[in-house]
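A.B. asks: I would like the atomic coordinates for the input below:
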Amino acid sequence: MPKGIPGMRSEERLIPMIRARLAEKLAAEGFRVHEIATALNVTQAAVTQYLKRKRGAGRESVPGLDGLIDPVAEKLVKRVRSRLGPIETVELLDAARQLMAVDAGRTVLERGESEPDRDASLVLLRERLKLELSAAERYLELANKTGDDHIKLLLRMIASDSIKHADVVSQVISWLEAGTGRRFELPSKELLGSMLSMEDSAKEESLQEGVTVDHPIARLLLTWIDMDEAKHGKMVSKMLALDKKRPSPRH
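C.D. replies: Take a look at the predicted model:
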């Protein structure tokens, strides 16, 4: 099991590493330094340093980096060729968060190998964590091997969900190990209410029912969005229910 990645403590610290790998992938596609700089929203000097491996170092030691970066690189190549502007910071942050989640999961599993669990819940959670990380890796491999854009997107969405599941399981394991109490802080009731209103509006406009598209995988993707909206609504409703149980502040 690989060790945790040094310095992987925040999304921002990973962005230079991600940009460096994207620069290499764009260069391999034949783009020039000034085109890569525009696509990554950095200077040409920075791109030169990325390509010479003088900046964004350490990417060779990051397991699974290419699997998570390839979808971003493919999208970026299309954007550059269509002149749609540079990559958005939110896309870099999302890739960084996924890398951190995978690394955290591997670290938790490694810790469990050195200190076997006696608690049945921890044993079950570690097994599920291992399954989610393996599934994410496998789906990304399959996505990178297929040439169909719709299938590729669907497989990558499943992989992304597996990574999110792994992140949640890792957090729960850490809470159980640390003996964290039951205290928590919810958003305000007003904010939760506005979120629920948005989710209800989305549910009312079902994509799978309202959009006519013949491609079967495209229909599955639209179904996915509708299912997610329904799930989001349930989670916000449950948070609102928790808010009602929250004790009133004392004056």
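A.B. asks: rest of the way, CA atoms for contacts and neighbours
C.D. replies: OK.
A.B. asks: could you find the closest non-adjacent residue to residue 98?
C.D. replies: Spatial nearest neighbour of residue 98, excluding adjacent residues (C-alpha to C-alpha, 6 or more residues apart in numbering): residue 163 at 6.7 Å.
A.B. asks: after the helix or strand where the one you found lies, which helix or strand is next?
C.D. replies: Residue 163 belongs to helix 149-178 when elements are defined using DSSP states H and E. Following helix 149-178 in sequence order, the next helix or strand is helix 189-204 (DSSP H and E).
A.B. asks: which residues touch the nearest residue to residue 92 once chain neighbours are set aside?
C.D. replies: Once flanking residues are discounted, residue 92 sits nearest to residue 15: 6.3 Å by C-alpha to C-alpha, 6+ apart. Counting by C-alpha atoms under 8 Å, 6 or more residues apart in numbering, residue 15 makes contact with 92-93, 96.
A.B. asks: and residue 221, how far is that from residue 188?
C.D. replies: Separation of residue 221 from residue 188 (C-alpha to C-alpha, to the nearest Å): 33 Å.
A.B. asks: with residue 195 instead?
C.D. replies: Here the criterion is C-alpha to C-alpha. By it, residue 195 lies 11 Å from residue 188.
A.B. asks: angle of the helix or strand that contains residue 134 against helix 149-178?
C.D. replies: Element membership of residue 134, judged by DSSP H and E, is helix 120-145. Helix 120-145 runs at 160 degrees relative to helix 149-178, counting by axes from the mean of the first three to the mean of the last three C-alpha atoms, to 10 degrees.
A.B. asks: mind listing what's buried in helix 120-145?
C.D. replies: Residues 122, 125-126, 128-130, 132-133, 135-137, 139-141, 143-144 are the ones in helix 120-145 that count as buried (16 or more other C-alpha atoms under 10 Å).
A.B. asks: report pLDDT for residue 218.
C.D. replies: You'll see residue 218 listed with a pLDDT of 90.
A.B. asks: the host helix or strand of it versus helix 189-204: what angle between them?
C.D. replies: Under the criterion of DSSP H and E, residue 218 resides in helix 216-245. Orientation note: helix 216-245 sits at an angle of 150 degrees relative to helix 189-204 (the same axes, to 10 degrees).
A.B. asks: in helix 216-245, what counts as buried?
C.D. replies: Residues 218-219, 221-223, 225-226, 229, 232-233, 236-237, 239-240, 243 are the ones in helix 216-245 that count as buried (16+ other C-alpha under 10 Å).
A.B. asks: stretch 34-48 now?
C.D. replies: For stretch 34-48, burial by neighbour count (16+ other C-alpha under 10 Å) applies to 35-41, 44, 46-48.
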